[in-house]
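Chemist: 3D, please:
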Amino acid sequence: MSPNTGNGSVYEEGTVEAPKRNCLAVLVDNEPGVLARVVGLFSGRGYNIESLTVDEVDHKTHLSRITIVTSGPPMIIKQIEAQLGRLIPVRQVVNLTVQGKFVEGCLAYIKLIGNFDQRDAAKQIARRLGARIVDTTDTTIMFEMTEATHKIEEMIDALRPHGKLEVARTGSVAMASGEAVLELPGAERKTA
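Modeler: The predicted model follows:
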């Protein structure tokens, strides 16, 4: 690897391959500090996290699933996967992008503040893009949309000309298509 260019990011190290968006699924022990360790791995090495979600997926075994979206050349992504895999609370790392077909989505609440005509136009946009109305007042309308990231971006862009927007959204969640699963039934905790 060539030396860093000085801005703290590993992405401008003169790599030949262009950065590519990757979606990683990480199965971890649900215990204090795990998320901080995972995020620390990224920030300590100058990697960027574009999206991050986490929640417990198995209460009995205390396992959580973290979905991380990051971009980088394949060599950097492989390094990220290997470094994640070496963290003690990490049970499994799967690059869904490399593995094959997967389904990815995100939840967004989008509030439009505007007049009656703007709200009517916004309702038509929402109907066309599959969002649903979850709250209205005399001057606002709020939509809920569960969809792929690019579709949510399309909704936001379409609503911008119609008034002031406030947006709250989750990060991406993703799962492999078909029979591939991310689970380690009865797996022992790995040690250093």
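Chemist: Isn't residue 154 up against residue 130?
Modeler: No - contact criterion CB atoms under 8 Å: residue 154 and residue 130 do not qualify, at 10.3 Å. To be clear about C-beta, it is placed using only N, CA and C from the backbone, and glycine gets the same treatment.
Chemist: Those two: which is more packed in?
Modeler: Between residue 154 and residue 130, residue 154 has the larger neighbour count (other CB atoms under 10 Å), namely 16 against 12.
Chemist: List the contacts of the more buried one.
Modeler: residue 129 (CB atoms under 8 Å, 6 or more residues apart in numbering).
Chemist: State whether residue 49 is indeed within a helix.
Modeler: No - applying DSSP: H, G, I helix; E, B strand; the rest coil, one finds residue 49 to be coil, outside a helix.
Chemist: so which helix or strand takes in residue 168?
Modeler: Following DSSP states H and E, one finds residue 168 within strand 164-169.
Chemist: isn't residue 71 right up against residue 47?
Modeler: No - distance between residue 71 and residue 47: 9.2 Å, which falls outside the contact criterion (CB under 8 Å).
Chemist: and the strand holding residue 168, which strands flank it?
Modeler: Applying DSSP bridges, strand 164-169 is found paired with strand 102-113 (antiparallel).
Chemist: List the buried residues for the lowest-mean-pLDDT helix or strand in the chain?
Modeler: Every helix and strand of the chain was ranked by mean pLDDT, DSSP states H and E. The lowest is helix 116-129, at a mean of 90. By 16 or more other CB atoms under 10 Å, the buried positions in helix 116-129 come out as 118-119, 121-123, 125-126, 129.
Chemist: Touching the next helix or strand after it from outside, list them.
Modeler: Toward the C-terminus, helix 116-129 is succeeded by strand 132-136 as the next helix or strand (DSSP H and E). With CB under 8 Å, 6+ apart as the test, strand 132-136 has contacts from 109, 111, 119, 123, 126, 141-145.
Chemist: between those, which is nearest residue 168?
Modeler: residue 109 (4.7 Å; CB to CB).
Chemist: No further questions, thank you.
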